[in-house]
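Q: Next come a sequence and a model predicted from it.
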Amino acid sequence: MLSAFISSLRTVDLRRKILFTLGLIIIYRIGAAIPSPGVNYPNVQQCIAEVSGGDAAQIYSLINLFSGGALLQLSVLAVGIMPYITASIIVQLLTVVIPRFEQLRKEGQSGQAKMTQYTRYLAIALALLQSTSIVALAANGGLLQGCSLDIILGQSEGLPIFNLVVIVIVMTAGAALLMWMGELITERGIGNGMSLIIFSSTAAAIPGEGKMIYDSRGPVVFALVCAAALAIIVGVVFVEQGQRRIPVQYAKRMVGRRMYGGTSTYLPLKVNQAGVIPVIFASSLIYIPHLITQLITSSSANATDNWWTRFVAEYLTNPADPVYIAIYFGLIIFFTYFYVSVTFNPDERADEMKKFGGFIPGIRPGKPTADHLRYVLNRITLPGSIYLGVIAVLPNMFLQVGSGPAQNIPFGGVGVLILVGVGLDTVKQIESQLMQRNYEGFLK
């Protein structure tokens, strides 16, 4: 593997792509540490140290993880890449509902370019909405609860509207810049740009969390956590690579004087067909009630007396609560089935196979093939959804291992899914390019 890595650096074109990708990731990490104008950066750092591990830090830990720690610091790139990811998912789901989007999807490259443009517009709107919510929570003390210091400059003299507007504009522009950088990595670099940005954000949090566990729990617990992390990574790699291969036979057919078809192949159905998307959906949905409650309580003094606020404060604030874990687990299973049903259409696959003369041995083409694919997909989606739920709620069950938020425990939750999934995809892309040039990949 080391020789293959050296070969990738010796190849001029591949080395240029790798260095270009690393350069943009370094720029992203620098931008994540630059504070937004109008933010009292020393007070923000002190507040983060005071409330670390509190309820607010735990609630917003997933978004903070995706932003590489930039959210709670209110940096230029505090919004992160989440608006673009959310917009991409929404546009993809709308192709089932809106006929215009379905038509664009079938038009090929030109239609895909139009869909990408719609995704960008929606991402900017979501970034504006999210940055406004973040600034509003920071201004009324809902983002870093328990800290009495002024986060916004001039906050003690009344909310400075100009400073708030500037921070919102800068954060929205940072989200647009990050979206552009991700597309550049995808076009001119190695791997998927958006996935690599999330990968770098997740990986950046591991050293700090590891040191926190070492300082607070000692070397023995730290060694046990590292051993458990290795076991989790092995299990995740095993499941991520697992797939059900449905055999497909193509009949022979004459085109002119040539014989085509007659080959045997397979249709791969992954155990984790949905990837990390259901976890993102469930995490985003479960923190929305807390966000709404914070905005309501900041505007109404009597809002804490209603049943909704009490329910959110009692069950949807503490990630270690059994009700929170059960709701989170159920949402992941629901969104797994929902996303797989939207992205994989057995009827379309059956029609494509029938169009090109393909069939599953023992299954008639057409509707019987679609029913068979749907039956197999439902069977493998169940263990896949349970696997996602177990990995996601695993940190919530071990909150006492470290002093940081649950979702930031190293190699736990959504972090391990991102690290392993993106890492495997990137290595496969580098290996495929090496195979084109040197006929030798990472795995011999």
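A: Looks like it arrived, so ask away. Numbers count the residues shown, from 1 in each chain.

Q: CA atoms of stretch 273-282 as PDB?
A: The C-alpha trace of stretch 273-282 is given here as PDB (Å, rounded to 0.1, in the frame of the first residue of the first chain):
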ATOM      1  CA  GLN A 273     -28.100   1.600   1.000                       C
ATOM      2  CA  ALA A 274     -28.900   5.000   2.400                       C
ATOM      3  CA  GLY A 275     -25.500   5.800   3.800                       C
ATOM      4  CA  VAL A 276     -25.300   8.500   6.500                       C
ATOM      5  CA  ILE A 277     -28.300  10.500   5.200                       C
ATOM      6  CA  PRO A 278     -30.900   9.000   7.600                       C
ATOM      7  CA  VAL A 279     -28.700  10.000  10.600                       C
ATOM      8  CA  ILE A 280     -28.400  13.500   9.300                       C
ATOM      9  CA  PHE A 281     -32.200  13.700   8.800                       C
ATOM     10  CA  ALA A 282     -32.900  12.300  12.300                       C
END
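
Q: chain center to it, what's the gap?
A: For stretch 273-282, the separation from the chain centroid amounts to 8 Å (computed by C-alpha atoms, centre = their mean, to the nearest Å).

Q: Skipping adjacent residues, who's closest to Glu107 in space?
A: Ranked by C-beta to C-beta, 6 or more residues apart in numbering and with sequence neighbours excluded, the top spatial neighbour of Glu107 is Lys114, at 8.0 Å. In short, each C-beta sits where N, CA and C put it, glycine included.

Q: Also Pro268?
A: Leaving aside its sequence neighbours, Pro268 sits nearest to Gln243 (C-beta to C-beta, 6+ apart; 4.6 Å).

Q: how many other residues sit next to the one you found?
A: 15 (other C-beta atoms under 10 Å).

Q: pretty sure it is touching Leu269, no?
A: Yes - using C-beta atoms under 8 Å, Gln243 is in contact with Leu269, at 6.1 Å.

Q: Next, find the distance separating the nearest residue to Glu102 once chain neighbours are set aside from Ala49.
A: Nearest non-adjacent residue to Glu102, counting by C-beta to C-beta, 6+ apart: Thr95, 5.1 Å away. Noted for Thr95: a distance of 45 Å to Ala49, by C-beta to C-beta, to the nearest Å.

Q: So which of these two has more stuff around it?
A: Between Thr95 and Ala49, counting by other C-beta under 10 Å, Thr95 is the more crowded of the two (18 against 9).

Q: which stretch of helix or strand covers the more buried one?
A: Assigned by DSSP states H and E, Thr95 belongs to helix 82-97.

Q: could you point out which element follows that helix?
A: Downstream of helix 82-97 (by DSSP H and E), the next one is helix 99-106.

Q: helices and strands around the helix or strand just after that next one, which ones?
A: As assigned by DSSP H and E, the chain's next helix or strand after helix 99-106 is helix 109-139. Contacts defined by 3 or more C-beta pairs under 8 Å, 6 or more residues apart in numbering; DSSP states H and E place helix 109-139 against helix 82-97, helix 99-106, helix 161-188, helix 277-299.

Q: Minimum distance to Val12: which of the ones you listed has it?
A: helix 161-188 (14.3 Å; C-beta to C-beta).

Q: For the closest one, buried residues please.
A: 163-164, 166-168, 170-176, 178-179, 181-182, 185-186 (16 or more other C-beta atoms under 10 Å).

Q: Assess the claim that Pro83 and Ala175 are in contact.
A: Yes - with contact defined as C-beta under 8 Å, Pro83 reaches Ala175; the gap is 5.4 Å.

Q: Please enumerate the shared neighbours of the two.
A: Ala123, Ile124, Ala127, Gln130 (C-beta atoms under 8 Å, 6 or more residues apart in numbering).

Q: If you tally nearby residues, what's the number for the first one?
A: Pointing back at Ala123 there. Around Ala123 there are 25 residues (other C-beta under 10 Å).

Q: and if you look at Gln436?
A: Using other C-beta under 10 Å, Gln436 has 10 neighbouring residues.

Q: ok, back up a step: give me the distance between the residue nearest to Glu107 and Ser284.
A: Counting by C-beta to C-beta, the gap from Lys114 to Ser284 is 26 Å.

Q: Asn345 too?
A: 25 Å.

Q: what does Val234 give?
A: 29 Å.

Q: For those two, indicate the residue with more neighbours.
A: The neighbour count for Val234 versus Ser284, taken as other C-beta under 10 Å, is higher for Ser284 (17 against 11).

Q: So what's the gap between stretch 286-296 and the chain middle?
A: 21 Å.

Q: Kindly report the same for stretch 28-47.
A: 23 Å.

Q: From one end of it to the other, what's the distance?
A: From its first residue to its last, stretch 28-47 covers 24 Å (C-alpha to C-alpha, to the nearest Å).

Q: Please renumber the chain so that the first residue is 53 from this point on.
A: OK, 53 is where the count begins now, so the last one is stretch 80-99.

Q: could you pull out the strands for the stretch 253-402 of the chain?
A: Secondary structure of the stretch 253-402 of the chain (DSSP state E, counting those that start in this stretch): strands located at 295-302, 305-307, 310-312, 316-322.

Q: Put together TSV for these, with mean pLDDT and distance to Gly75 on each row.
A: Output for these, formatted as TSV (pLDDT from 0 to 100; distance: least, C-beta to C-beta, whole Å):
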stretch	mean pLDDT	distance to Gly75
strand 295-302	86	35
strand 305-307	64	49
strand 310-312	65	46
strand 316-322	85	32
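
Q: Mind checking those strands for the one nearest to Ser484?
A: Of those, nearest to Ser484 by C-beta to C-beta is strand 316-322, at 16.3 Å.

Q: Tell me which strands the closest one pairs with, and in which orientation.
A: Paired with strand 316-322 in the same sheet, following DSSP bridges, are strand 295-302 (antiparallel).

Q: May I see the buried residues of the partner strand?
A: Ile298, Val300, Gln301, Tyr302.

Q: Ok, stretch 150-163 next?
A: Phe153, Leu156.

Q: Between the two ends of it, how far is it?
A: 14 Å.

Q: quick one: contacts for Gly475?
A: Phe251.

Q: Please identify the helix or strand for it.
A: Going by DSSP H and E, Gly475 is part of helix 466-490.

Q: Could you tell me how far that helix lies from the centre of the chain?
A: The mean C-alpha position of helix 466-490 is separated from the chain mean by 16 Å, C-alpha atoms, centre = their mean.

Q: List the buried residues of that helix.
A: For helix 466-490, by 16+ other C-beta under 10 Å, it's 466-475, 477-479, 482-483, 485-486.

Q: where does the chain have low pLDDT?
A: 53-57, 102-122, 193-198, 207-211, 305-309, 311-314, 346-357, 448-465, 489-496 (pLDDT under 70).

Q: per-domain residue ranges of it.
A: 67-241, 268-495 (the TED database).
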